[in-house]
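Visitor: This is a predicted model, with the sequence first.
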Amino acid sequence: MRSIYGRFVKRYFVVCSLLLFILTYVNNILQNYVVMDFFVVASYLVIGLLSIYNIVSSLKYEFSLYKIHGYFFLIFMFLAPLYQYSIQSFPWGGIMEDELIIKVNILIICWQFIYIISYLLTSKVKHEGVSLPVNNMVILVGFLFTIVSSVITVITVGGISNLFSRVDTYQMVNQTETLFLSKSVRPIPIIYLGYLYTLISNCDKKNEKMLRVLFYLVLIIGIATNFPTAVSRYHAAAVYIGIILIFIKRKLSFDILFLTGFIFVFPTLELFRHSSLMEVLDNFSWQIIDFSTAHFDAYSMILRVVIYISNEGITYGKQLLGAILFFVPRTMWPSKPVGTGMFVGESLGLPFLNISAPIVSEGIINFGLIATFWVPVFIGYFTKKIDSRYWLFSSTARYINVYYVFLIGFFFFILRGDFLSSYSYTVAFLFPLVVLFVFSKVKSLK
């Protein structure tokens, strides 16, 4: 009874807070900016309301992929584009026609509605999933891999001092080796950390003390080799959201932590992109979210993808195939597609090509506008299965208990895109778990 009452109070608080913020935000925009088309504003408000429903209908779970979907659409499909529309300036190209905006907003509304329905109607999983191998050999090998990966990271970034800054790192190796070292080798201590925490949650008192000592040692190593100012922001988000969730789980509000991090922490991390740690600290100041910047180009890229397919047609899955087969070298596949953001940017002659392509635009460019009606069905289905498996069987030692907390951050990255980068980086990050799975299966056959 107490837990039901607690969830009700929290749901009420979150709903009221979000509605109050949105009413204040919209009122400020309507009073201070140019006259806007009623139907455009109305369509944005529908997106905002569906996003809020997506968020608050997920409060049974403190955090989930479903909730992340809601926050992504609230921020990138409502708050940011409404502000950009109000100042008549979208990233990478300024003004867009109202007719195009309404068309895209209808597609986004359809996506949201279908995703929510698909998620809510999908049944929860009934099976626990694959068990983790739990024995002293795996624990020892995992720790050795952690030490080796940390040494490799220190060497390849050029020394311990470079562990804390993104400037001048990975200068010793080529691009392919860099991707492998930074996306698969560097995260090994973090994956091992998740493994140890899962063991601690399911072990007896006799082994708990030893595992906790090892856990905190690996935590120090993991933070040092994946320091937030020295890695890309998506990597920092996935790693540190995961670490925080390991410690808090149900103890603190994920909503407050997520929004605080998104509004203040991640804009501040941008300072470290082109400056060393000491240079930033000498003139440090907290940054705050700015919806007019190119970091919020996701909605704008959907507009441009719709423009692209109206002129050039769809790719019939070619972009998706390139993402799924990301591991195939370009030397073997010279015509291998580039990321959708770069692909569309080149086609439209945009001045900068390191741009996003949200999951909605990936569906459209591969399969046309009709994709907004069936792609969210699959995403809703799979996110429900993953969410329910974690929360229903979190008290057992399963693979999902290791990777789920890190998948929360990566799923946000996948939603923003492009899919080639986000999917390949997610798979690379989780690759050590694949190695562990194969190792345990081979060992069991002997």
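Guide: Received it, and whenever you're ready, just let me know what you need. Numbers count the residues shown, from 1 in each chain.
Visitor: roughly how far out does stretch 189-199 sit from the chain middle?
Guide: Its chain's C-alpha centre and that of stretch 189-199 lie 20 Å apart, by C-alpha atoms, centre = their mean, to the nearest Å.
Visitor: can you list contacts of it?
Guide: Contact with stretch 189-199 is made by 132, 134, 139, 142-143, 145-146, 149-150, 207, 211, 214-215, 218-219, 221-222, 225-226, 239, 242-243, 246, 397-398, 401-403, 405-406, 429-430, 432-433, 436, as judged by C-beta atoms under 8 Å, 6 or more residues apart in numbering. Quick note: C-beta positions are derived from backbone N, CA and C, even for glycine.
Visitor: taking the residues you listed one by one, which sit in strands?
Guide: Assignment to strands by DSSP state E places none of the contacts of stretch 189-199 there.
Visitor: among those residues, which ones are buried?
Guide: Neighbour-count burial within those applies to 132, 139, 142-143, 145-146, 149-150, 211, 214-215, 218-219, 221-222, 225-226, 239, 242-243, 246, 397-398, 401-403, 405-406, 429-430, 432-433, 436; the criterion is 16 or more other C-beta atoms under 10 Å.
Visitor: Isn't Ser150 up against Ile223?
Guide: No. Using C-beta atoms under 8 Å, Ser150 makes no contact with Ile223, being 11.1 Å away.
Visitor: Quick check: phi and psi at Gly94.
Guide: Backbone torsions of Gly94, given as degrees, to the nearest 10, read phi 70, psi -130.
Visitor: Equivalent analysis for Met77, please.
Guide: Dihedral angles of Met77 (phi, psi; degrees, to the nearest 10) stand at phi -110, psi -10.
Visitor: The one 3 residues further on too?
Guide: For Ala80, the backbone dihedrals (degrees, to the nearest 10) come out as phi -70, psi -50.
Visitor: what's near enough to touch it?
Guide: With contacts defined as C-beta under 8 Å, 6+ apart, the neighbours of Ala80 are 291, 296, 298-299.
Visitor: which of these sit farthest apart?
Guide: Phe291 and Ala298 (11.2 Å; C-beta to C-beta).
Visitor: Check whether Leu211 really touches Asn202, as I assumed.
Guide: No. Using C-beta under 8 Å, Leu211 makes no contact with Asn202, being 10.2 Å away.
Visitor: Off-centre distance for the host helix or strand of Thr153?
Guide: Using DSSP states H and E, Thr153 sits in helix 136-157. Between the centre of helix 136-157 and the centre of its chain there are 26 Å (C-alpha atoms, centre = their mean).
Visitor: Check which helices and strands it sits against.
Guide: Applying 3 or more C-beta pairs under 8 Å, 6 or more residues apart in numbering; DSSP states H and E, we find helix 136-157 packed against helix 188-202, helix 205-225, helix 419-445.
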